[in-house]
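1. Here is my input, please return the structure:
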Amino acid sequence: MAPRKLRMPPARLLVPVAIVVALVLVLVLIGFVGGAVTRGIHALTAQPPHVGTTIIAPTQAKAAASARDLTGDEKDAADYLAAQPTAYWLTPEQDPIGTAGGTVLDLIAQARDQNRSVALVVYGLPGRDCGNHSAGGLSEEDYPVWLGEISAALDTAPEVQKIVALEPDSIALSQECGNIAERARQLSTAVDELTTANTWIYIDGGHSNWLPPQQMADLIRQTGVIDRVRGFVTNVSNYQSSSDEFAYAASLSSLLGGAHAIVDTSRNGAATSDGEWCNPPGQLVGDPGGKFHDDVVDTNLWIKPPGESDGECAGGPAAGVYWPEAGVALTQGVR
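-> Just a heads-up that it's a prediction; the model follows:
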């Protein structure tokens, strides 16, 4: 049987076929380049905190709510503090399961509207503060549920920079409370839940007038999470000077493989507390956030909202309640 001859398509069909092939190649190229551009844009937006980072002044600030019922110097101080870029504290008492996610979504919306970052303090782990002034927190069963709700909200905004100070005091207090194993488990759960796009997590780093760097670094290593976060946060709700905190952060970082840090400068303008942490007199607000850094410290921020009490000491109300007299004292010379 004679072999069949191959028949070429008519010349008039070659041009349309070539056009189709060219179009397919163009579409593939557009898809590749578009994906690369999208990834590039995301890479540009997902930068860690740095000097110049400006966080929102949350509309939910307790100072703002209090100002509506105040007059004179107390109102002026509360209005001033409510307008300052400051972290928002997520607690199960204020933002319980069922509402925490909505609060985060609202904070993210504020950040989008203002083209700013959002800073959150996640403060709700079981056995929080070991029964001291800020005692409370969630049960072992509810903590992951609460975290999951927060995480789902964070995950909706990869374009917004989110800064998370995770469970202040949880590690520095763990030796005194004898619960480092529990804290390791709880913090690991929290880091797993809260690791989302463009979210920068800083775990508890104590402060320069608490535990020596070697001791603090050992506790942090025992949690097993330092390699999964950006670094640690120091001076939260405390009054130590920025120079002391930067030196402390450098020492701690050198023991932790170069971990980065954020320093809370919300109430260290006087830095004369001499170790007293519960509503010490004579203190002042510190430098605004986003003003300075070094090779270790990404930036300074206001983490503890000035004017909110440290606890029922020195005449103050319960921890976290806005105290008008403290607001006036802390803002002397800046209003």
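
2. what ranges do the strands span in the stretch 151-300 of the chain?
-> 162-166, 199-204, 231-234, 260-264, 297-301 (DSSP state E, counting those that start in this stretch).

3. and those as a markdown table, adding distance to L125, mean pLDDT and mean neighbour count?
-> C-beta coordinates here come from the backbone N, C-alpha and C atoms, glycine included. Listed next are those as a markdown table, based on distance: least, Cβ to Cβ, whole Å; pLDDT from 0 to 100; neighbours: other Cβ atoms under 10 Å:
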| stretch | distance to L125 | mean pLDDT | mean neighbour count |
| --- | --- | --- | --- |
| strand 162-166 | 9 | 98 | 26 |
| strand 199-204 | 10 | 98 | 24 |
| strand 231-234 | 15 | 98 | 28 |
| strand 260-264 | 19 | 98 | 28 |
| strand 297-301 | 21 | 98 | 25 |
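
4. Among those strands, which comes closest to L107?
-> Ranking those by proximity to L107 (Cβ to Cβ) places strand 162-166 first, at 8.9 Å.

5. Run through who's touching that closest one.
-> 49, 53, 55, 87, 108, 117-122, 154, 187, 190-191, 194, 196, 198-204, 229, 233, 236, 262, 301, 303 (Cβ atoms under 8 Å, 6 or more residues apart in numbering).

6. thinking again about what came up before, make a markdown table from the strands of the stretch 151-300 of the chain and add distance to A319 to it.
-> Output for the strands of the stretch 151-300 of the chain, formatted as a markdown table (distance: least, Cβ to Cβ, whole Å):
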| stretch | distance to A319 |
| --- | --- |
| strand 162-166 | 16 |
| strand 199-204 | 17 |
| strand 231-234 | 18 |
| strand 260-264 | 16 |
| strand 297-301 | 20 |
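
7. Ok, which of those comes nearest P96?
-> strand 162-166 (18.7 Å).

8. List the pairing partners of that closest one within its sheet, with orientation.
-> Under the criterion DSSP bridges, strand 162-166 sits next to strand 118-122 (parallel), strand 199-204 (parallel) in its sheet.

9. Taking strand 260-264 as reference, get the angle to it.
-> 80 degrees (axes from the mean of the first three to the mean of the last three Cα atoms, to 10 degrees).

10. Direction-wise, compare strand 162-166 with strand 297-301 and give the angle.
-> 90 degrees.

11. CA atoms of strand 162-166 as PDB?
-> Listed next in PDB are the C-alpha coordinates belonging to strand 162-166 (Å, rounded to 0.1, in the frame of the first residue of the first chain):
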ATOM      1  CA  LYS A 162       0.300  45.300  60.900                       C
ATOM      2  CA  ILE A 163       2.500  45.400  64.000                       C
ATOM      3  CA  VAL A 164       1.700  43.000  66.800                       C
ATOM      4  CA  ALA A 165       3.100  43.200  70.300                       C
ATOM      5  CA  LEU A 166       2.300  39.700  71.500                       C
END
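
12. quick revisit: using neighbour counts, trim the contacts of strand 162-166 to the buried set.
-> 49, 53, 55, 87, 108, 117-122, 154, 187, 190-191, 194, 196, 198-204, 229, 233, 236, 262, 301, 303 (16 or more other Cβ atoms under 10 Å).

13. Tell me the buried residues in stretch 324-335?
-> So for stretch 324-335, counting by 16+ other Cβ under 10 Å, buried means P324, E325, A326, G327, V328, A329, L330, T331.

14. and I180, which of the strands of the stretch 151-300 of the chain is closest to it?
-> Short answer: strand 199-204, nearest of these by Cβ to Cβ, at 12.0 Å.
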